[in-house]
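> Next one to model:
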Amino acid sequence: MPLEYLVVLVVVGISGVVLLTKALGWARPAKLSSADEAINHFCQDHPELTASHAFVSDDNSSALIRTSDNTTGLVFSFGDKFVTRRLTPEMVDVVTVDDRTSSMIVKIALSDYTAPAVNLIFDRKVFDASVAPVVEGLTDIQRMGKNWR
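Sure, this is the predicted structure:
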C-alpha cells in the first residue's frame, strides 16, 4: 500500500474517532454538583487534611477549598475528571483578579507545568463576602479593575 493512502487512512480514522466521541457526548467536561462534592474530591486526594468549606465557581468547573491547616485547596475539572491541588505560596505563580460589573474572575496560574491556568468565576456579592479572604491569602495578586480592594 502506498504511503499516501496510509497517511490518509490514519488521518481520516483519527478524525472519525474524535468526531464520534464528541457526537456521542463522551467529551463533556466534568462539573461539580455541590460544595460537598468538591470537598469529597479534595479529601480523597488529601486525606491528611480536613476541608472546612468549599467555594464553587459559578460555572461549576472548579472550587476553592478552605482546609484545616488554614491553607487553600483547589479542585478543577480536567477533561471528564477532577484534579486537586493543595495551594502553597511556592505552588502559585500568579493570581489575577478581574473585576467585572456583576462577577469577579479569579485566574490562578500554578508553577506546576502539568496544570493549566484555572479560571474561577464568582458572583460579586459571594466573592466580597467569603471568597476574597481566601484569594488574598494565596500570593501577591495582580489586580485588574479599580473596584477591587
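
> Strands of this structure, residue ranges please.
51-56, 62-67, 72-78, 81-87, 92-99, 103-110, 118-123, 141-144 (DSSP state E).

> In a markdown table, list those along with mean pLDDT, distance to residue 8 and mean neighbour count.
For glycine as for every other residue, the C-beta is placed from the backbone atoms N, C-alpha and C. Conversion of those to a markdown table gives the following (pLDDT from 0 to 100; distance: least, Cβ to Cβ, whole Å; neighbours: other Cβ atoms under 10 Å):
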| stretch | mean pLDDT | distance to residue 8 | mean neighbour count |
| --- | --- | --- | --- |
| strand 51-56 | 90 | 46 | 18 |
| strand 62-67 | 92 | 40 | 24 |
| strand 72-78 | 92 | 32 | 22 |
| strand 81-87 | 90 | 33 | 18 |
| strand 92-99 | 82 | 43 | 17 |
| strand 103-110 | 88 | 40 | 20 |
| strand 118-123 | 91 | 38 | 20 |
| strand 141-144 | 50 | 47 | 14 |
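
> Dump those strands into CSV; add distance to residue 10 as well.
As requested, these are arranged in CSV below (distance: least, Cβ to Cβ, whole Å):
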stretch, distance to residue 10
strand 51-56, 41
strand 62-67, 36
strand 72-78, 27
strand 81-87, 28
strand 92-99, 38
strand 103-110, 35
strand 118-123, 34
strand 141-144, 44
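
> closest to residue 31 out of those?
strand 72-78 (6.9 Å; Cβ to Cβ).

> Packing partners of that closest one?
Applying 3 or more Cβ pairs under 8 Å, 6 or more residues apart in numbering; DSSP states H and E, one finds that strand 72-78 contacts helix 35-45, strand 62-67, strand 81-87.

> Just send those back as CSV, with distance to residue 136 too.
As requested, the helices and strands packed on strand 72-78 are arranged in CSV below (distance: least, Cβ to Cβ, whole Å):
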stretch, distance to residue 136
helix 35-45, 20
strand 62-67, 12
strand 81-87, 13
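
> Longest helix of the chain, counting residues only.
Taking DSSP state H as the assignment, the helix of the chain that covers the most residues is helix 3-23.

> Report the buried residues of it.
Buried residues in helix 3-23, counted by 16 or more other Cβ atoms under 10 Å: none are found.

> Residue 21 versus residue 47, what's the distance?
33 Å (Cβ to Cβ, to the nearest Å).
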